[in-house]
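> Prediction below, plus the sequence it came from.
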Amino acid sequence: MKRLLLFLLSLFLLSAFPNSSDAQASFELFEGEINESPYKVAVPENRTGNKVFFHVHGWRPAEAPHEANLDPDDPFYQSLLADGWIIARTASTGNGADHETYTESIRELKNWIQTNIGSIELTILEGESTAGTLVLQIAEESPEIADGVIALGAFVELNDPASESYLRAEPEIPAVLMSNLTELDDPIAYAAKAENAPVKPMLRPLLRPGHVNVNHVERYDALKDLISWIESGNYSMITDGTRSVPERNTRTVYENGSIINQITNIDRYFGNLELGFHPDEFAEVGIEQGQHFIMEIDGQQRDVFYGESYGDVEEGRWIAFPHANDHILVARNYGHAANTANVNIGDEVKVQPK
């Protein structure tokens, strides 16, 4: 009887929690260059129409790789592919923040998709940081490119027309402004000035500090609400965008007042480290925000400030803070943490109170 119960339980678990590889959507990846702008386009096999989602990256250092990065294992992209979305990325003609050139690269890639994949029925642009500003400029100046935009952590300049971040606050298509708690002044000012705009924007604050400190659930829900707005014409001008991510097994090891995990990801463009710890585990060993802690990797110890965002420390100093995906992010303010520490994904990390 006991064996039968265990067998039935295992069947239930398999059906309730399918293997992640089985859940991944199948797709075809196209990549190349258009007028020196690298691109990648993922086309799902299950698409029923041609809905295209562009993610537009923000400023990158000149020495960073010039590429259109598209990670199909990203849970946000997996959700889009499973829903039948075509995902498009372009890196424009070079790193930096040339908005005019970047806009043309987006337009050219959209034309390529229409020529080579098929007629597009819906186009959404999501931009982060300086590209959040860019997609708002497109909503104002080139609304024919997209049906709606999502601006993550956009920089907003409402007074100086010569600024790269200048915006008139006159979007002509649905625009969602999603920014963290410590950066809400800009989107609020934009929304206030856009009171008489052709299409009033939606404010979607994230109730945590930081800059583009957002997780895949928040991005997916923002997209769903934007699509509902486009289809129905109805929306709320302000909506809390904050969401939690599913719980995970961190596999953190506790040892004599310290905790041990590993580097789970490294940002290719800025060198920031993602550590596998959950923020609650820092609190459990007595590491609170506003304090310093010791981080040890391969015998090298570093003094790190545990704060809220990059600007909490002087240029070149080490900073750590909770990320929206319930990991810990470690960076050097205006520095490259991975190169400085000479580390790799999978390296063991030990942290302890200072």
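Perfect, thanks for sending it. Here the structure is a predicted model, which is why all the values come from computation and not from measurement.
> check contacts around Tyr334.
Glu315, Gly316 (C-beta atoms under 8 Å, 6 or more residues apart in numbering). In this view, the C-beta of every residue, glycine as well, is placed from N, C-alpha and C.
> I'd like the distance between it and Glu315.
Distance of Tyr334 to Glu315, computed by C-beta to C-beta, to the nearest Å: 5 Å.
> what touches both of these two?
Jointly contacting Tyr334 and Glu315 under the rule C-beta under 8 Å, 6+ apart is no residue at all.
> what does the model give the most centrally placed residue in the chain for pLDDT?
The geometric centre of the chain, computed from its C-alpha atoms, lies nearest to Val214 (C-alpha atoms, centre = their mean), at 5.9 Å. Here the pLDDT value assigned to Val214 is 98.
> which SS state does it fall under?
Reducing the assignment at Val214 to three states with DSSP: H, G, I helix; E, B strand; the rest coil gives coil.
> didn't it look like it was pressed against Val176?
No. With contact defined as C-beta atoms under 8 Å, Val214 does not reach Val176; the gap is 12.0 Å.
> Contact partners for the closest residue to Leu81 other than its chain neighbours?
Across the structure, with C-beta to C-beta, 6 or more residues apart in numbering as the measure, the residue nearest Leu81 apart from its sequence neighbours is Ala25 (3.8 Å). For Ala25, the contacting residues are Pro44, Glu45, Asn46, Gln78, Leu81, Ala82, taking C-beta under 8 Å, 6+ apart as the criterion.
> and Phe155, what is it in contact with?
Going by C-beta under 8 Å, 6+ apart, Phe155 touches Ser129, Thr130, Gly132, Thr133, Ser165, Asp186.
> got a winner among these for most neighbours?
Compared across those, Gly132 has the highest neighbour count, 29 neighbours, by other C-beta atoms under 10 Å.
> Surely that residue and Leu167 touch.
No. Distance between Gly132 and Leu167: 10.5 Å, which falls outside the contact criterion (C-beta under 8 Å).
> The stretch 1-150 of the chain: strands as residue ranges?
Per DSSP state E, counting those that start in this stretch, the stretch 1-150 of the chain has strands spanning 27-34, 37-44, 51-56, 85-90, 122-128, 148-152. These are given in chain order.
> Tell me which residues of the first one come out buried.
If I follow you right, that is strand 27-34. Neighbour counts using 16 or more other C-beta atoms under 10 Å place Phe27, Phe30 of strand 27-34 among the buried residues.
> next one: the fourth one
With burial defined by 16+ other C-beta under 10 Å, the residues of strand 85-90 counted as buried are Trp85, Ile86, Ile87, Ala88, Arg89, Thr90.
> Just the angle for it relative to strand 37-44, thanks.
Taking axes from the mean of the first three to the mean of the last three C-alpha atoms, to 10 degrees, one finds strand 85-90 and strand 37-44 inclined to each other by 170 degrees.
> Tell me the strands beside strand 85-90, with direction?
Neighbouring strands of strand 85-90 in its sheet, by DSSP bridges, are strand 37-44 (antiparallel), strand 51-56 (parallel).
> which outside residues touch the last one?
Outside strand 51-56, the residues within contact range by C-beta under 8 Å, 6+ apart are 80, 84-90, 102, 106, 109-110, 113, 120-128, 131, 134-135, 146, 223.
> Kindly recompute the last result at 7 Å.
Strand 51-56 has contacts (C-beta atoms under 7 Å, 6 or more residues apart in numbering) with 80, 84-89, 106, 113, 120-127, 131, 134-135.
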